[in-house]
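In: Model the following, please.
(one chain, ligands or ions: 2)
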Amino acid sequence: MGSFMLTKMSFRNLFKKPVTRMYPIEAPVYTSRSKGHVVNDIQECILCGICEKRCPTGAIVVDKPAETWTINPFACIQCMFCVRACPKSCLTMEHDYTPPSTSMYTHSDKKPELTEQEMAEKLARDKEKAERIAAAKAAKQAKDEQAESGDE
Ligand code: SF4
Ligand code: SF4
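Out: Ligands and ions are numbered 1, 2, ... in the order given. The predicted structure is shown next:
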């Protein structure tokens, strides 16, 4: 009986579609919930370092003076803490796997140099921000002084 069942199963499997995929000849299908590797849109990144602080494995290094964002894909456990914590939403979890490699490596992104126009826009934004902060401080000071004179 046992050998009959085994022969039957063997024959059935001979003509059945394989349950495994011929990877890498046949490309894998990634679902929207597949976890692959973390990618940074460096244009949007403000190098705040929150992702570095949140990463439980120390896979991310943010070097503000050098304007670089670096990840060690071999240390990443795809927990997505960094993706959720990023205030600029510039980190994403790509759905394909990290490319196989025969050696350890890190991936580094550097902030691109600003064009003259971008630099002018940034300076204008910074100036506007500084003016807003100064105005808010002056308003607060005036309010405090008014409250103090009211108390007297
Ligand atoms: S948290 Fe986001 S914005 Fe901040 S350094 Fe990381 S990637 Fe850049
Ligand atoms: S997914 Fe998790 S382990 Fe990977 S870099 Fe982000 S925080 Fe670190």
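In: Please parse this structure into its domains.
Out: 32-112, 113-152 (automatic domain parsing).
In: rank the ones you listed by mean pLDDT and give me the bottom one.
Out: For the domains of the chain, the weakest mean pLDDT is recorded on domain 113-152, namely a mean of 88.
In: which strand residues sit across from the residue nearest in space to the middle of the chain in the sheet?
Out: Nearest to the mean C-alpha position of the chain, by Cα atoms, centre = their mean, lies Leu91 at 2.5 Å. Beta-bridge partners for Leu91, by DSSP bridges, are Asn40.
In: Can you tell me how far it is from Tyr105?
Out: Using Cβ to Cβ, to the nearest Å, Leu91 is found at 19 Å from Tyr105. (Glycine included, C-beta is placed from N, CA and C.)
In: And stretch 85-93, what's buried?
Out: Cys86, Cys90, Leu91, Met93 (16 or more other Cβ atoms under 10 Å).
In: Which two among the residues you listed are spaced furthest apart?
Out: The largest separation in the buried residues of stretch 85-93, counting by Cβ to Cβ, is between Cys90 and Met93 at 12.4 Å.
In: could you check the distance from the closest residue to Gln43 other than its chain neighbours over to Met22?
Out: If the residues on either side of it in the chain are set aside, Gln43 comes closest to Pro112, at 6.9 Å by Cβ to Cβ, 6 or more residues apart in numbering. Here the criterion is Cβ to Cβ. By it, Pro112 lies 40 Å from Met22.
In: Thr7 now?
Out: 26 Å.
In: How about the residues of the chain by ligand 1?
Out: With Cβ under 6 Å from any ligand atom as the criterion, the chain comes near ligand 1 at residues 40, 45-51, 62, 69, 86, 88, 90-91.
In: Take those residues and keep only those in strands.
Out: Among the residues of the chain next to ligand 1, the members falling in strands (DSSP state E) are Asn40, Val62, Trp69, Leu91.
In: wait, the second one sits on Ile46?
Out: No - the pair formed by Val62 and Ile46 falls short of the contact definition of Cβ atoms under 8 Å, at 9.9 Å.
In: neighbour-wise, which of those two wins?
Out: Val62 (20 against 13; other Cβ atoms under 10 Å).
In: which helix is the longest one in this protein?
Out: The single longest helix within the chain, with elements called by DSSP state H, is helix 116-151.
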